[in-house]
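>>> Quick one, structure for this:
(chains A and B)
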Amino acid sequence: MTVNTAKPAPLKEKSFAQRLLSDFQKHKYKYLLILPIIIYLILFCYKPMYGLVIAFKNYRPTRGIWDSKWVGFMWFETFFKDPYFWRLLRNTFTISGLTILFGFPAPILLALLLNEVHNNKFKRTVQTITYMPYFISLVVTCSLIKIYTMENGLFPAIMSIFGMQRQNLLANPSYFYTIYILSDIWQGIGWNSIIYLAALSGIDQEQYEAAKIDGANRFQQVLHITLPGLLPTITILFILRMGNILNVGYEKILLLYNPSTYEVADVLSTYTYRMGLENQQYSLSTAVGLFNTMVNVVFLLITNYISNKTTESGLF
Amino acid sequence: MSKKEKVIIHNGMEIKKSTGDRIFDAINALVLIALCFVTLYPMWYVLCASFTENSYLVANQGILFWPHGFTTGSYKMAFEHPLILSGYKNILIVLGVSLPLNIFMTLFCGYFLASKGMMWKKPIMFMIMFTMFFGGGMIPAYLNIRDLGLYNTLWALILPGAISVYNCIICRTAIQGVPESLVESAYIDGANDVIIVFRIILPLIMPTIAVLLLYYGVGHWNSWFNASIYLQDNELLPIQNIMRSILIANSNILNASAAENDQVNEFAESIKYATIILTTVPVLCIYPFLQKYFVKGVMVGAVKG
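The predicted model follows:
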């Protein structure tokens, strides 16, 4: 360890400012390249974050953000006392919960099924076809949903075979979740299975051979080799999903809901949209949006903490 | 349990299938074929409907396995209507300006994140990553666009989506795969980082660039929400928003004049399907060619935050 003392001492004496300067000189082109991104982030990400202060102000467009009066937590209180508050919270959690409950396992199931297919051509064809809906725009998907659920559409026609009354399904609150979740799975199942298939291809094939020799059948192989092999991927995706627990697909809800289904379909973000952009209640709706974001961050941190404790694989 | 399941291993690989295995394979194949049918049928239906006569469509919604009567009138109509045409024009303008901007910004950002040794790397990286988990949200973003004077201009569709952090991470990982010795020897030959990005990095990560082009392109092509809140004039709306008006809101945005009225009414139903086909098919023709690169992109973005 005596070698260390021989290190040239004078280098250390460079001041912080000098080091900063030489860093800039050395990497000036790298900083030049990142400059547009920094400008972009400031203008379109951080400036809106500053705009969040209007949740604590009585924002008047004529006065601007800076000159509007501070009101503390008034808008949050207004929102918590709003008769719709519990309904919004309930709907948001219900839609998100159902999407996780049914939508999260669906691609895993598809990946497991595809993994059992040994004809590569068939496998690839199925993959290509199931990726397709992911590239179809929401507007088109929702138009198709609308067409199929109209009173004289496909699904009411099928239901009438079973003796149910023909009706416009989108106008009936009791069908909204089913329509929302099923179409969500339809659109994402193929695309979301990609990552699991990639993880599956990373599992050591020798394990399967060893299991076969030991007499394990295919179901046992899936249970004891495939699923454990997938678990880290599943965990990470689950954490990411939990961090978005209140980020339900509001674009889709905006396209599908109507006043007759607000009771079950109105969520925090659609309420933000209506309050903010249709009723111009900027401060209130910003407060609602901020509340939404904060709950998301809390959920992300909690899930990450639990995951770090139990499986030692977390995001950070 | 111990039936006569002869497990014979040839060359350590092949294993004779039991009856149970074969039944499982058959059911598995059936399930997957059913899934493919459920996926393809809606698009097939739309294709058939776009060639079907209007009167038939009004009476029957959703069930069609073959065009009923055959007419291309709806396509002719779609190609002639000024709003549909301007919808395509607008989205093509947005794509034309956005895509080069997206790709260069993502490339620069990815290069910065992949390089080492800068004192400011950590703070800048934090600044970039932070936006993945926290943001101002809908209303502050909207007010910001108004503040910047971008409201009711196509710039409002181009600039806010100039980069996606997720895609930057994909790009960074691709750049990390480029051998360091290549970059070092370029330095020795006197190249600076800008030259290195364009002359060495860019040609080497072309497959990734193709996937990024697809992600950004499809993102712009399919988006409607920003246009619906940032644009006011119908003449500025991209095609998805025009489709939303005719398909979902059932508005009579297309029937501006009385002359148009008669024409539009004649194809009121089938024109909806023609526009769906015209906006969806281009995307569906591109993605299968890039499919083999998807895995990489998805893996990188999801696993490494």
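
>>> List the contacts of the closest residue to A:Lys252 other than its chain neighbours.
Nearest non-adjacent residue to A:Lys252, counting by CB to CB, 6 or more residues apart in numbering or on different chains: A:Leu138, 5.7 Å away. No exception for glycine: its C-beta is placed from N, CA and C like everyone else's. Counting by CB atoms under 8 Å, 6 or more residues apart in numbering or on different chains, A:Leu138 touches A:249, A:251-252, A:255, B:222, B:224.

>>> got CSV for those, with distance to A:Glu77 and neighbour count too?
Listed next are the contacts of A:Leu138 as CSV, based on distance: CB to CB, whole Å; neighbours: other CB atoms under 10 Å in any protein chain shown:
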residue, distance to A:Glu77, neighbour count
A:Gly249, 29, 19
A:Glu251, 29, 18
A:Lys252, 31, 19
A:Leu255, 32, 21
B:Asn222, 39, 21
B:Trp224, 35, 22
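
>>> Read off the pLDDT value for the residue nearest to A:Lys252.
pLDDT, A:Leu138: 93.

>>> do you know how far it is from B:Val58?
Separation of A:Leu138 from B:Val58 (CB to CB, to the nearest Å) stands at 25 Å.

>>> Among the contacts of A:Leu138, which lie within helices?
Residues of the contacts of A:Leu138 located in helices (DSSP state H): A:251-252, A:255, B:222.

>>> Looking at those residues, which one is closest to A:Phe56?
Using CB to CB, A:Glu251 comes nearest to A:Phe56 of the ones in helices among the contacts of A:Leu138, at 27.7 Å.

>>> Is there proximity between the helix or strand harbouring A:Ser96 and chain B?
Using DSSP states H and E, A:Ser96 sits in helix A:85-98. No. For a cut-off given as CB under 8 Å from any CB of the partner chain, helix A:85-98 has no contacts with chain B; the smallest distance is 14.5 Å.

>>> what does that helix rub up against?
With CB under 8 Å, 6+ apart as the contact definition, helix A:85-98 has outside contacts at A:79, A:177, A:180-181, A:244-248, A:253, A:263-269, A:271, A:292.

>>> filter the residues you listed down to the ones close to chain B.
Subset of the contacts of helix A:85-98 in contact with chain B: A:269, A:292, counting by CB under 8 Å from any CB.

>>> Pull out the buried members of the contacts of helix A:85-98.
Buried by 16 or more other CB atoms under 10 Å in any protein chain shown: A:79, A:177, A:180-181, A:244-248, A:253, A:264-269, A:271, A:292, out of the contacts of helix A:85-98.

>>> one step back: pLDDT of the helix holding A:Ser96, averaged?
Mean predicted lDDT for helix A:85-98 stands at 93.

>>> same question, stretch A:298-307
For stretch A:298-307, the mean pLDDT works out to 83.

>>> Can I get stretch B:72-81 in PDB? Just the C-alpha atoms.
This file holds the C-alpha atoms of stretch B:72-81, laid out as PDB (Å, rounded to 0.1, in the frame of the first residue of the first chain):
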ATOM      1  CA  THR B  72     -65.200   1.200 -54.800                       C
ATOM      2  CA  GLY B  73     -67.300   4.400 -54.500                       C
ATOM      3  CA  SER B  74     -66.400   4.800 -50.900                       C
ATOM      4  CA  TYR B  75     -62.700   5.000 -51.700                       C
ATOM      5  CA  LYS B  76     -63.300   7.400 -54.500                       C
ATOM      6  CA  MET B  77     -65.300   9.500 -52.100                       C
ATOM      7  CA  ALA B  78     -62.600   9.400 -49.500                       C
ATOM      8  CA  PHE B  79     -60.000  10.400 -51.900                       C
ATOM      9  CA  GLU B  80     -62.000  13.400 -53.100                       C
ATOM     10  CA  HIS B  81     -63.200  14.800 -49.800                       C
END
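
>>> Just say helix, strand or coil for the residue most central in space within chain A.
Ranked by distance to the mean C-alpha position of chain A (CA atoms, centre = their mean), the top residue is A:Asn244 at 4.7 Å. Here A:Asn244 is coil, with the state taken from DSSP: H, G, I helix; E, B strand; the rest coil.

>>> how many neighbours does the nearest residue to it once chain neighbours are set aside have?
Among residues not flanking A:Asn244 along the chain, A:Asn296 sits closest, at 6.3 Å (CB to CB, 6+ apart). Per other CB atoms under 10 Å in any protein chain shown, the neighbour tally for A:Asn296 reads 18.

>>> which one among the ones in helices among the contacts of A:Leu138 gets closest to B:Leu237?
Comparing those against B:Leu237 with CB to CB places B:Asn222 closest, at 14.3 Å.

>>> State the distance from B:Gly217 to chain A.
From B:Gly217 across to chain A, the span is 10 Å (CB to the nearest CB, to the nearest Å).

>>> For the helix or strand containing that residue, give me every contacting residue.
Element membership of B:Gly217 [criterion: DSSP H and E] is helix B:206-222. The contact list for helix B:206-222 (CB under 8 Å, 6+ apart) reads A:135-139, B:91, B:94-95, B:98-99, B:102-103, B:106-107, B:157, B:161, B:164, B:167, B:170-171, B:174, B:202, B:240, B:279, B:282-283, B:286-287, B:290, B:293-294, B:296-297.

>>> mind showing which ranges of the stretch 101-250 of chain A have poor pLDDT?
For the stretch 101-250 of chain A, applying pLDDT under 70 flags the ranges A:243.

>>> please redo it, this time with the cut-off set to 90
Flagging of the stretch 101-250 of chain A using pLDDT under 90 yields the residue ranges A:115-120, A:146-172, A:191-192, A:194-195, A:197-250.

>>> now, which of the contacts of helix A:85-98 lie within helices?
Cross-referencing the contacts of helix A:85-98 against helices under DSSP H gives A:79, A:177, A:180-181, A:253, A:263-265, A:268-269, A:271, A:292.

>>> Pull the most distant pair out of these.
So, these by CB to CB: farthest apart are A:Phe79 and A:Ile181, at 27.4 Å.

>>> closest to B:Val194 among the ones in helices among the contacts of A:Leu138?
Among the ones in helices among the contacts of A:Leu138, B:Asn222 lies closest to B:Val194 (CB to CB), at 33.0 Å.
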